[in-house]
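A.B. asks: fold the following.
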Amino acid sequence: MYEQTVDVVKDDSITTIGGMTKTYELETAGILSYIDLLIEATTYSSAANFVYYIPHFITGIEVIGNSTDILLSLDAQELAALDFYMSKQPVTERRTGEVSTVNNFHIPIPFGRKLGDPEYALDLEKWDLVELNITNADMGATSFFASGSYTVREKFIREGPAPTGYFKTYEANSWTPASTTAEKTIDFPKNYLIRQALISVLPTKKAVTEPYDAEMWEILDLIKFSYKSGNIVVFNEDTEELMRQNEDVYGLVDLGGVVQGDDADYLSTDLGWVLDANASLAPNQTQATSGAIVGLGNLPESRLIMYETQLYAGQPVNWKARGYAYMLSAIFDFDENKSMANLLDPKAMETVRLKYTAGSTAGKVRTVLQQVRPY
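C.D. replies: Presented below is the predicted three-dimensional model:
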C-alpha cells in the first residue's frame with residue numbers, strides 16, 4: 001500500500017475576499033484517504049489593525065456526493081478543532097498582521113481515524129460525482145486581507161484493500177441562546193454509530209478595540225449528556241470541566257502569531273481558556289525607542305489585550321498563548337484509542353441527548369457529529 005498525491009487545483013485565486021463559494025470536482029474513482037487544503041491570504045499594504053485570521057472567514061468546507069449527499073460539512077474553525085482531536089496538535093498556520101505579508105492555513109480534510117487509514121476512507125466509485133465546496137464570507141476580513149488562493153490536493157491509498165466505510169462529519173445543530181437562562185436539547189440520530197460529538201462556540205464578532213461579550217464557558221454554562229431518555233447521566237457539569245477532561249487526553253494547546261502593537265487593542269487566541277501568554281518585539285524594531293515595552297492582559301479570557309509604550313505605529317509584536325480548548329471547542333470522544341471498539345450506538349441507548357444551558361446571549365453553540373458510515 002502506498003499514498004498517491006493528485007492535484008485538484010494549485011494557487012487558485014480567491015477573487016472576492018468577503019463572499020464567494022468555489023467548487024472543485026474530485027476524481028471519479030480511487031480510495032481517497034483525505035483532502036489536503038492550503039489557504040493563503042495576503043494582508044493589505046497599508047497599516048491596519050489585526051482583526052481576523054484565515055479560519056475566521058472560511059465559513060463553509062463541504063464535501064458533497066451526487067450534489068445532495070453530505071460527506072463532510074463544517075466551517076474552518078470546526079474542521080481545525082476536529083483535526084486537533086485527531087492528531088493532538090493544532091493545524092499548521094501562520095498568523096501575521098504585518099502588512100503585505102502572507103498568512104497561511106494548511107489543513108487535512110479527513111475521512112478516517114488517521115491520515116492514510118486503510119479501513120475508513122472515501123471510495124469515490126460509490127458516487128457519480130464528488131465535489132469540494134469552499135465558502136468565505138464577510139467576517140470582517142475584507143478590512144485586512146487583500147488577496148488569497150486555494151490549493152487542493154487529493155491523497156489516495158493505492159494497492160490496499162477496499163475500505164469498510166468512511167466518517168461523515170457535519171454540523172448537526174447551531175443554537176444562539178435567546179437569554180442567559182435558555183436551554184437547548186439535542187437528540188442524536190439513531191441510524192449510524194457515532195464516533196465523536198464536538199461542541200464548538202462562536203463569540204459575537206467584535207472590533208479590535210473591544211473584548212468579547214462572553215467567553216466560551218460563559219456562552220455555554222452547563223452541559224448534560226445522557227442516555228436512555230435521561231436515566232443514565234454520563235456528564236452533568238460546567239463547560240470548564242469538559243475542557244479540563246479533554247486536556248487530560250489531548251494536552252494543552254500552544255498558539256501564536258504577529259500583531260501590530262497598538263495599545264489597548266485585543267487579539268483573538270482561539271483558545272477557550274488561556275493559562276498564560278506573553279508578547280515580545282518583532283525583529284524589525286528600528287523605529288522603536290530603547291524604552292519600548294509590550295505585554296498582554298485579560299487572562300484567562302480567550303481574547304487578550306495588548307499593552308505597549310513607545311512603539312511606533314504598526315510595530316510588529318510577537319505573541320504566544322497556551323491554554324485549553326483549541327478553536328473554542330470541547331469533545332466527547334468515543335474512540336480515543338482509535339480502536340473502534342467502544343463507539344456510541346444510539347439505537348442501543350434508546351435516546352442519546354445533549355442538553356445545554358446558556359451562560360450568555362453573546363455567541364453561538366454548534367454541535368458537530370461524526371458518524372461511521374459503512375459501504
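A.B. asks: where in the stretch 101-250 of the chain is pLDDT low?
C.D. replies: 138-143 (pLDDT under 70).
A.B. asks: where along it do the strands fall?
C.D. replies: 102-110, 122-123, 130-137, 145-158, 165-175, 183-187, 193-202, 220-227, 232-238 (DSSP state E, counting those that start in this stretch).
A.B. asks: and those strands: which comes nearest Q260?
C.D. replies: Between Q260 and the strands of the stretch 101-250 of the chain, the tightest spacing by CB to CB is seen for strand 102-110, at 13.7 Å. C-beta coordinates here come from the backbone N, C-alpha and C atoms, glycine included.
A.B. asks: for the closest one, buried residues please.
C.D. replies: Within strand 102-110, the residues that count as buried by 16 or more other CB atoms under 10 Å are N103, N104, F105, I107, P108, I109, P110.
A.B. asks: for stretch 297-313, same thing?
C.D. replies: Buried, per 16+ other CB under 10 Å, within stretch 297-313: N298, L299, P300, E301, S302, R303, L304, I305, M306, Y307, E308, L311.
A.B. asks: repeat for stretch 248-256
C.D. replies: In stretch 248-256, counting by 16+ other CB under 10 Å, buried: Y250, V253, L255.
A.B. asks: quick one: contacts for the residue nearest to K206 when sequence neighbours are not counted?
C.D. replies: Ranked by CB to CB, 6 or more residues apart in numbering and with sequence neighbours excluded, the top spatial neighbour of K206 is Y212, at 6.0 Å. With contacts defined as CB atoms under 8 Å, 6 or more residues apart in numbering, Y212 is in contact with P203, T204, K206, E301, S302, R303, A362, G363.
A.B. asks: now the buried residues of stretch 248-256 as JSON lines including distance to A182?
C.D. replies: Converted to JSON lines, these look like this (distance: CB to CB, whole Å):
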{"residue": "Y250", "distance to A182": "29"}
{"residue": "V253", "distance to A182": "29"}
{"residue": "L255", "distance to A182": "30"}
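A.B. asks: between those, which is nearest A282?
C.D. replies: Using CB to CB, these come closest to A282 at L255, 16.7 Å.
A.B. asks: who does the closest one form a beta bridge with?
C.D. replies: In this entry, L255 is beta-bridged to A321, by DSSP bridges.
A.B. asks: so it sits against D270, correct?
C.D. replies: Yes: assessed by CB atoms under 8 Å, L255 is found in contact with D270 at 6.5 Å.
A.B. asks: between these two, which contacts overlap?
C.D. replies: With CB under 8 Å, 6+ apart, L255 and D270 have common neighbours Y326.
A.B. asks: which parts of the stretch 251-375 of the chain are strands?
C.D. replies: 253-260, 266-268, 271-281, 293-297, 303-309, 316-326, 329-333, 353-358, 364-374.
A.B. asks: tell me which of these lies nearest to D69.
C.D. replies: strand 364-374 (9.9 Å).
A.B. asks: give me the residues contacting that closest one.
C.D. replies: Strand 364-374 has contacts (CB under 8 Å, 6+ apart) with 74, 78, 82, 120, 164-177, 184, 186, 188-189, 192-202, 219-220, 340, 343, 354, 356, 358.
A.B. asks: before we move on, the earlier item: any chance of the buried residues of stretch 297-313 in JSON lines, plus pLDDT and distance to Y44?
C.D. replies: JSON lines is the format used below for these (pLDDT from 0 to 100; distance: CB to CB, whole Å):
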{"residue": "N298", "pLDDT": "92", "distance to Y44": "27"}
{"residue": "L299", "pLDDT": "91", "distance to Y44": "30"}
{"residue": "P300", "pLDDT": "90", "distance to Y44": "32"}
{"residue": "E301", "pLDDT": "88", "distance to Y44": "28"}
{"residue": "S302", "pLDDT": "90", "distance to Y44": "26"}
{"residue": "R303", "pLDDT": "90", "distance to Y44": "22"}
{"residue": "L304", "pLDDT": "93", "distance to Y44": "23"}
{"residue": "I305", "pLDDT": "92", "distance to Y44": "24"}
{"residue": "M306", "pLDDT": "89", "distance to Y44": "20"}
{"residue": "Y307", "pLDDT": "89", "distance to Y44": "25"}
{"residue": "E308", "pLDDT": "87", "distance to Y44": "22"}
{"residue": "L311", "pLDDT": "79", "distance to Y44": "20"}
